[in-house]
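Asks: just a sequence and a predicted model for now, questions to come.
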Amino acid sequence: MDRTAFEAELQRDGYQIVTNTMQPRAVNPEHAHDFDARLMVVAGEMTIVVGEQRNTYKVGETFSMTNGCRHAEHAGPEGATYVAGRRKPN
């Protein structure tokens with residue numbers, strides 16, 4: 001899926017769209033959000049750590065996370081830029 005199609009899908013599904021950039025090798029320590037999230041990496045790469053599981057996402061790859069899921073975010077050596085859709089649960 002390309003970025004335009006991803007953003008159109010987010011809008012259709014009622015997500016607020018934001019674009020964020022993490023600096024190279026930046027780490028957001030374990031935390032949780034009060035919203036559901038869907039993300040697409042558009043530059044660099046990022047690794048999401050949930051418990052013992054680590055998944056690395058590269059340009060064009062997407063993932064989702066439900067609100068309340070505790071996780072950490074790690075940017076790759078070139079940083080990470082991603083489009084994020086955020087939607088508060090009903």
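Replies: It's in.
Asks: alpha carbons only for contacts and neighbour counts from here, please
Replies: Will do.
Asks: report pLDDT for residue 29.
Replies: Here the pLDDT value assigned to residue 29 is 98.
Asks: equivalent analysis for residue 57, please.
Replies: At residue 57, pLDDT is 98.
Asks: could you spell out the sheet neighbours of the helix or strand hosting it, each with its direction?
Replies: In this structure, residue 57 is located in strand 53-58 according to DSSP states H and E. With DSSP bridges as the test, strand 53-58 is paired with strand 36-50 (antiparallel).
Asks: now do the partner strand, average pLDDT.
Replies: pLDDT averaged over strand 36-50 gives 98.
Asks: so for residue 6, what pLDDT did the model give?
Replies: 97.
Asks: nope, residue 20 is what I was after
Replies: pLDDT at residue 20 comes out at 97.
Asks: so what's it up against?
Replies: Applying CA atoms under 8 Å, 6 or more residues apart in numbering, we find residue 20 in contact with 81, 82, 83, 84.
Asks: farthest pair in those?
Replies: 81 and 84 (9.7 Å; CA to CA).
Asks: between these two, what contacts are shared?
Replies: 19, 20.
Asks: of the two, who's got more company?
Replies: residue 84 (23 against 20; other CA atoms under 10 Å).
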